[in-house]
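# fold the following.
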Amino acid sequence: MSGTSADAGSGYSLRGRQGHVIEALGRAIAGGTYQPGELLPREAALTEEYGVSRTSVREAMKVLAAKGLVDIRPKVGTRVRPRELWSSFDSDLLTWTYAEGQATDLMRDLVELRQIVEPNAARLAAGRATMHDLGRIEQAGIELAAAAGDHTAYAERDVEFHLAVYAASHNTFLSRFGSLVADFMKLSFDLQQEASTQSLEDDAARHVAVVDAITRGDAELAAETMLQVVLDGKVALAAALREQDAN
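This is a model prediction of the structure:
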């Protein structure tokens with residue numbers, strides 16, 4: 001997850017004092033310290049609490065507002081917005097939500113959304129993939145199988161595989177969706193692969209079956225095999241989340 005890197009979209013960094021304010025308040029909001037509808041502390045209180053200038057506090061609020069977390073009203077204050085208005089796919093917000101132990105529902109929602117979307121992305125890829133697309137998907141499958149002995153590397157390659165399929169669908173919104181959820185897919189893959197009772201070699205073989213179906217241009221088989229990949233991951237993720245909740 002990209003909680004400490006510069007955000008190319010908003011032009012800020014979570015490093016430094018201003019970044020500390022952004023992250024601290026973001027985590028407090030994501031974790032429920034400040035509830036939707038509640039006003040954040042006044043600017044003067046925040047400058048004293050975090051030891052930063054008023055300018056830094058104002059800029060931090062702008063970043064949080066851009067993520068949909070707060071609504072800034074002159075002479076009223078800064079109020080936390082309803083959760084349904086937050087930028088759900090924002091990588092920093094996902095990081096904060098997970099760090100505060102609030103990401104269980106989001107991960108379950110994501111895998112359900114993938115269950116709907118990814119088989120159809122594979123179906124489209126089977127009919128639209130170019131030679132370049134096929135090369136990328138095949139290479140991703142090869143690298144995935146090669147990383148079967150390393151959970152961390154495997155999760156990274158797994159994300160690349162799914163992004164390659166999204167791109168091969170040649171649907172702008174599907175490709176964009178893949179990019180938006182890449183960080184969260186990595187997080188969920190890390191969890192589900194550690195909890196899975198099946199070997200990563202078997203999981204890699206199921207991904208290769210998707211590659212074969214797309215390469216042959218078999219749209220229905222591509223959708224079916226991709227659905228199986230997602231469902232297997234869903235079962236493992238559910239087990240991982242149950243274990244996490246129990247602890």
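
# what residues go with each domain of this structure?
16-91, 103-246 (automatic domain parsing).

# deepest in the core, which of these is it.
Mean neighbour count, computed with mean count of other C-beta atoms under 10 Å, is highest for domain 103-246 among these, reaching a mean of 18. Placement of C-beta: from N, CA and C, glycine included.

# now do the strands in the protein.
70-73, 77-80 (DSSP state E).

# any chance of those strands in TSV, plus distance to residue 140?
Formatted as TSV, those follow (distance: least, C-beta to C-beta, whole Å):
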stretch	distance to residue 140
strand 70-73	39
strand 77-80	40
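
# which one of those lies closest to residue 238?
strand 77-80 (30.1 Å; C-beta to C-beta).

# run the chain-centre distance for the closest one.
Relative to the mean C-alpha coordinate of its chain, strand 77-80 is positioned 26 Å out (C-alpha atoms, centre = their mean, to the nearest Å).

# listing request: residues of this structure with sub-threshold pLDDT.
1-15, 195-197, 245, 247 (pLDDT under 70).

# who's sitting farthest from the centroid in it?
residue 75 (35.8 Å; C-alpha atoms, centre = their mean).

# what does stretch 57-77 rub up against?
10, 12, 18, 21-22, 25-26, 29-30, 39-40, 42-43, 46-47, 50, 78-81, 85-87, 90, 92-93 (C-beta atoms under 8 Å, 6 or more residues apart in numbering).

# with stretch 199-209 instead?
141, 144-145, 147-149, 151, 154, 158, 161, 193, 196, 225, 228-229, 232.

# packing partners of the longest helix that the chain contains?
For the chain, the helix with the greatest residue count under DSSP state H is helix 219-246. Of the remaining helices and strands, those touching helix 219-246 by 3 or more C-beta pairs under 8 Å, 6 or more residues apart in numbering; DSSP states H and E are helix 104-128, helix 172-195, helix 200-216.
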